[in-house]
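Student: Sequence and computational prediction follow.
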Amino acid sequence: MSVRLLSGDPPRSALLAVALILIVALLAAAPFLFPGPKSLAVAAKILVFVILVASYDLLLGYTGIVSFAHTMFFGIGAYGVAIASIRMEPGWTAVFAGLGGGLVVSLAFALLIGLASLRVRAIFYAMITLAVAAAFQTLVSQLSDLTGGEDGLNFKVPQMLRPAFRPFSEPIFGVTVDGRVITYYLIAAVCLVLFLLLLRIVNSPFGRVLQAIRENPFRAEAIGYRTVLYRSLSNLLAAAFATLAGAMYALWLRYNGPDTSLSFEIMLNILLMLVIGGMGTMYGAVVGASLFVFAQSYLQDGLHVIHDAVSGVAPLALLFEPDRWLLWLGILFVVSVYYFPTGIAGRLRELARRH
């Protein structure tokens, strides 16, 4: 049953399976184990970025397409929900209208980019997507009447997702269940369904063709597969999943702006998460997003604790200065790539295969 649920692609490594079960269990119980607003926000961000990174894995890890426009689709989903919620009466109708509009715009952009660029080679396609993403971010910043410009958009979510909403009069296991907790579990449920759907896609005959194109596009073309068509479909699917992730992120934040969903920094973070977790595994998205977002959120706090503990030793205190958390994040990334060149999930699978 579990193998069927995972589309015939189990983790294949006991250590990886334990890590995934632990991550899922912690995320499932996050509102009750870590009830603070920051910890809940970190857990929600992990959920959203798991889908965002997994959708990019479909594009890069399984099809071999290097694109720098993935955050554009993420931003379109977020802006779709934000704009619809402002222009319409706040509620589920506005959310679904914004989501539908965002999907249409994302698929149109993905199709245009695919038709115009997928026949060129990797580096040229990557540069084209980078140019399109930069132009789109500039356009969004300038259309202030529609997008709020650099200030972004604050909007209202449906009534049951608002912090003031209380479905129960008494706390449950010591936690007051409100609209934020409901929003969190809504995002968790949607992310679970989307991740299982991505697993199904990459383990279907369609996914096998994508992997064949990644390994040798000329051979795939020679045996009868229309590689441009398959690569275009992969681009469309990745864009659709990224749009859904953006819509969920906007629902959680109740805000969206250029720096929130369209910045190039997010694109780099997606790449880092995918490399750390392992490309072409899907499970790497869960591991990479969890580790990276957790380190990004709590590494500075950890360094602060260490800095206070070694404050009497000047060289160590200087080394563990909390403001140097980005340096330590870079060191952790280099160490991760050195010891796990195929990513954590990929490396654990290799070790399990050898044994």
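Tutor: Nice, I can see it.

Student: show me what contacts the closest residue to Arg254 other than its chain neighbours?
Tutor: Among residues not flanking Arg254 along the chain, Val157 sits closest, at 5.6 Å (Cβ to Cβ, 6 or more residues apart in numbering). Where you see a C-beta, it was placed from the backbone N, CA and C, and this is true even at glycine. Going by Cβ atoms under 8 Å, 6 or more residues apart in numbering, Val157 touches Ser85, Pro90, Val95, Gly179, Thr183, Leu251, Arg254.

Student: For Arg354, see how far away Pro322 is.
Tutor: Remark: distance between Pro322 and Arg354 (Cβ to Cβ, to the nearest Å) = 41 Å.

Student: the more surrounded of those two?
Tutor: Pro322 (16 against 6; other Cβ atoms under 10 Å).

Student: Return the residues in contact with the more buried one.
Tutor: Gln300, Asp301, Leu303, His304, His307.

Student: try 10 Å
Tutor: The neighbourhood of Pro322, defined by Cβ atoms under 10 Å, 6 or more residues apart in numbering, consists of Leu299, Gln300, Asp301, Gly302, Leu303, His304, Val305, Ile306, His307, Asp308, Trp328.

Student: Least confident of those residues?
Tutor: The lowest pLDDT within the contacts of Pro322 belongs to His307, with 80.

Student: Please verify my assumption that His70 contacts Phe49.
Tutor: No - using Cβ atoms under 10 Å, His70 makes no contact with Phe49, being 11.7 Å away.

Student: Show me whatever sits in contact with both of the two.
Tutor: Counting by Cβ under 10 Å, 6+ apart, the residues touching both His70 and Phe49 are Ala245, Ile266, Ile270.

Student: Out of those, which is nearest to Asp151?
Tutor: Ile266 (18.5 Å; Cβ to Cβ).

Student: how close does the closest one get to Pro341?
Tutor: In terms of Cβ to Cβ, Ile266 sits 24 Å off from Pro341.

Student: who has more neighbours, those two?
Tutor: Per other Cβ under 10 Å, whichever of Ile266 and Pro341 has more neighbours is Ile266, with 18 against 12.

Student: Which secondary structure element is home to the more buried one?
Tutor: helix 264-277 (DSSP states H and E).

Student: If you count contacts, what does that helix end up packed against?
Tutor: helix 37-60, helix 70-87, helix 122-142, helix 258-261, helix 283-309, helix 325-339, helix 343-354 (3 or more Cβ pairs under 10 Å, 6 or more residues apart in numbering; DSSP states H and E).

Student: and the second one, which residues are buried?
Tutor: Neighbour counts over helix 70-87 (16 or more other Cβ atoms under 10 Å) mark 70-86 as buried.

Student: Check which residues of stretch 254-274 are buried.
Tutor: Neighbour counts using 16+ other Cβ under 10 Å place 254-258, 260-263, 266-267, 269-274 of stretch 254-274 among the buried residues.

Student: Kindly report the same for stretch 344-355.
Tutor: Ile344, Ala345, Gly346, Arg347, Leu348, Arg349, Glu350.

Student: repeat for stretch 225-232
Tutor: For stretch 225-232, burial by neighbour count (16+ other Cβ under 10 Å) applies to Tyr225, Thr227, Tyr230, Arg231, Ser232.

Student: before we move on, what about stretch 35-50?
Tutor: Using 16+ other Cβ under 10 Å as the burial criterion, the residues of stretch 35-50 that qualify are Leu40, Val42, Ala43, Ala44, Lys45, Ile46, Leu47, Val48, Phe49, Val50.

Student: Off-centre distance for that stretch?
Tutor: The chain centre lies 12 Å from the centre of stretch 35-50; the measure is Cα atoms, centre = their mean, to the nearest Å.

Student: How about stretch 299-319?
Tutor: How far stretch 299-319 lies from its chain's middle: 32 Å, per Cα atoms, centre = their mean.

Student: One more: stretch 115-134?
Tutor: 21 Å.

Student: CA atoms only for it, dumped as PDB, please.
Tutor: In PDB, the C-alpha atoms belonging to stretch 115-134 read as follows (Å, rounded to 0.1, in the frame of the first residue of the first chain):
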ATOM      1  CA  LEU A 115       8.200  27.300 -28.100                       C
ATOM      2  CA  ALA A 116      10.600  30.200 -28.500                       C
ATOM      3  CA  SER A 117      13.600  28.700 -26.600                       C
ATOM      4  CA  LEU A 118      13.500  25.000 -26.100                       C
ATOM      5  CA  ARG A 119      15.100  24.300 -29.400                       C
ATOM      6  CA  VAL A 120      18.300  26.100 -28.400                       C
ATOM      7  CA  ARG A 121      21.000  24.500 -26.200                       C
ATOM      8  CA  ALA A 122      21.200  24.600 -22.400                       C
ATOM      9  CA  ILE A 123      23.200  27.700 -21.700                       C
ATOM     10  CA  PHE A 124      21.300  29.800 -24.300                       C
ATOM     11  CA  TYR A 125      18.000  28.700 -22.900                       C
ATOM     12  CA  ALA A 126      19.100  29.400 -19.400                       C
ATOM     13  CA  MET A 127      20.100  33.000 -20.400                       C
ATOM     14  CA  ILE A 128      16.700  33.500 -22.200                       C
ATOM     15  CA  THR A 129      14.800  32.400 -19.100                       C
ATOM     16  CA  LEU A 130      16.900  34.700 -16.900                       C
ATOM     17  CA  ALA A 131      16.200  37.700 -19.200                       C
ATOM     18  CA  VAL A 132      12.400  36.900 -19.200                       C
ATOM     19  CA  ALA A 133      12.300  36.600 -15.400                       C
ATOM     20  CA  ALA A 134      14.200  39.900 -14.900                       C
END
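
Student: contacting residues for the nearest residue to Leu16 once chain neighbours are set aside?
Tutor: Nearest residue to Leu16, sequence neighbours excluded (Cβ to Cβ, 6+ apart): Leu348, at 4.3 Å. The contact partners of Leu348, by Cβ under 10 Å, 6+ apart, come to 11-19, 278, 281, 283-284, 287, 340, 342.
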